[in-house]
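Undergrad: Predicted structure and sequence below. I'll ask about it afterward.
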Amino acid sequence: MYENLYKKIKKSKGEEKMILYKDFEFDMAHKLSDYDGLCKNIHGHTYKLTLGIDIKELNKLDIGIDFKDVKKIYNEYIASQIDHALWLKDDSTNRDIIRVIKAHGLKIITTKFNPTAECMALWIWKQLNQHLQLYTITLFETPTSRITIRRKDYDDLKCLIEE
C-alpha cells in the first residue's frame, strides 16, 4: 500500500521503536447471553478504541502511516459495521430479536460469541489485521473499563472468536 517507504527504522533486540496511536469513538448497543446481571439487557456504550500501529519505515515525507489513512481503514472495516449497531450473539435466546431487527432493516451484527469487550477487541483485530501492522488494540467499554490486546498475544487468543 505504501510503495514510497524507504527509511528503515533500526530495531534492537526485536523491540518496536515507534508506535503510532490513533483513537476512535463509536456508539453501539449489545447484550450478553446467559449473563446473570444487568448486561443481559440490551444497552449501549460510547466505546473508545485506541489502535497502536508498528512503524517500521518512514516515507519520503518522514511519515510512517498517515493518520488519515488509518482513519479511512478504520471507517471502512470497523465503523461501517459496528457504529450505531446492535451486536448480539447468534443463539436461541436472541433469534427473535435478530429476526425483528433485520426485518426492520436496522443495523445489526451477529457472531457466535458474546459481544464482551474481550471478544469485540479480538474481532476488531481480526478485521484490521490484513490492513495495518497492529501492535496493540485497547478498547474502552466505559471510561474506567478497558481491554488491551498485544500483537505477541493475538495468535494465542484469536481461537476464542473463531467461528
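TA: That came in fine, so what should we check first?
Undergrad: Report the next helix or strand after the single longest helix found in the chain in sequence order.
TA: Longest helix of the chain, by residue count under DSSP state H: helix 117-128. Moving toward the C-terminus from helix 117-128, the next helix or strand (DSSP states H and E) is strand 134-142.
Undergrad: Helix or strand with the lowest mean pLDDT in this structure?
TA: Lowest mean confidence among the helices and strands of the chain (mean pLDDT, DSSP states H and E): strand 7-8, at a mean of 56.
Undergrad: and the next element down the chain from that strand?
TA: Taking DSSP H and E, what comes next after strand 7-8 is strand 18-30.
Undergrad: Mind listing what's buried along that next one?
TA: Buried residues in strand 18-30, defined by neighbour count with 16 or more other Cβ atoms under 10 Å: 20, 22, 24, 26, 28-30. (Glycine included, C-beta is placed from N, CA and C.)
Undergrad: Any stretches of the protein with poor pLDDT?
TA: Low-confidence segments of the chain (pLDDT under 70): 1-16, 163.
Undergrad: Please list all residues in contact with the most centrally placed residue in it.
TA: The residue lying closest to the centre of the chain (Cα atoms, centre = their mean) is Ile124, at 2.6 Å. For Ile124, the contacting residues are 49, 78, 137, 139, by Cβ atoms under 8 Å, 6 or more residues apart in numbering.
Undergrad: For Arg151, give me its contacts.
TA: 54, 134-136.
Undergrad: same deal with Ile108?
TA: Ile108 touches 85-88, 98, 101-102, counting by Cβ under 8 Å, 6+ apart.
Undergrad: try Glu118
TA: Glu118 neighbours (Cβ under 8 Å, 6+ apart): 147, 160.
Undergrad: The residue of the chain positioned farthest from its centre sits in which helix or strand?
TA: In the chain, the residue that sits farthest from the middle, by Cα atoms, centre = their mean, is Lys60; the gap is 29.7 Å. Of the helices and strands defined by DSSP H and E, none includes Lys60.
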